[in-house]
Every structure is written in structure tokens, then in C-alpha cells.
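>>> Only the shape, not the letters, is given here:
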């Protein structure tokens, strides 16, 4: 249901100014970096639902954990958007040159942009991630291979 260390990494990545809270603006900025368009009002409605202080538009870590887990639960229960549509959006973020494949270079760029520096710094790590799910052995991931990677329980180093 979401490992706390993993959630903390996401939280710290979102808290760009390091003030110990995640604001609506920081969430919007992060989504934009990923190529996902969400209006500030949509993000604000999610944040306000979980914020302890009624007029607060930012989340402390504990509140963020609740939000993260509730989104994860909804997604796992199938109550959210169609999973294939979400995965296709994510695939498009990684497939920078829009050729229908995710290369080691593209994976590395996105991981680095997302702040996942250790994974994004080393091309060998990215190649290992790809080769673990590259069923046809062509060195890149197509959409079906990407789906398998995303549904995997533990990411490959």
C-alpha cells in the first residue's frame, strides 16, 4: 500500500523549496514536468480534502501519506480513470521522441527530471531496468513491455 520510504522520496521531491510542506503550486509544477496537465483547482481540491487545517492549501508529510495512499487505493480498486489510459499518458512522457519506444536515454532523462538522481545518473541502471522487461530483446520498451514494468512490484536497479 505504499512504502513510507518511497512516499517520503516523492514528498521530498515535491517539496521544491524545502519548507516541509507540499503546496498546490509544487504539485502542479511536478505534474507539468511529467507532462500531465491538471488544473490548479483540481490539485487544490485534492490537497484541501487531506489538509488538517481547513484553509490550508499545503500538506505536511503525514497528510501527504494519507492522500498518496487514498489515490493508490482508488486506483487499485478500479474507481479511478481507466488504467490503460493512465499508462499510455505515462508512456508518452517517457517516449520523448514519440517513436513508440522508450530508450535508455529517454528513461534516464525522465528519471533525472523527476529527481530520481541515482537511477537517472547511471545509464547502466536504466539499461538494466529496460532489459528486465524487454521481451523481444530490441533494447527498448514498447507499450506492452512498459505496462509489464509498471505493474511489477519492485523496480529493477
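Noted; the coordinates are in hand. Fair warning: this is a prediction, and the values are worked out from it, not measured in the lab.
>>> What score does the nearest residue to residue 17 once chain neighbours are set aside have for pLDDT?
Computed as Cβ to Cβ, 6 or more residues apart in numbering, the closest residue to residue 17 that is not its neighbour in sequence is residue 26, at 7.4 Å. Every C-beta, even on glycine, is put in place using the N, C-alpha and C of the backbone. Looking at residue 26, its pLDDT is 82.
>>> cool, and residue 99?
92.
>>> Return the set of residues that bridge with residue 59.
For residue 59, the beta-bridge partners under DSSP bridges are residue 22.
>>> coming back round to it: helix or strand: which one has the residue nearest to residue 17?
Using DSSP states H and E, residue 26 sits within helix 24-33.
>>> tell me what that helix is packed against?
With contacts taken as 3 or more Cβ pairs under 8 Å, 6 or more residues apart in numbering; DSSP states H and E, helix 24-33 sits against helix 4-14, helix 40-50.
>>> Tell me which of these approaches residue 147 most closely.
helix 4-14 (20.2 Å; Cβ to Cβ).
>>> The helix holding residue 26 to helix 4-14, inter-axis angle?
100 degrees (axes from the mean of the first three to the mean of the last three Cα atoms, to 10 degrees).
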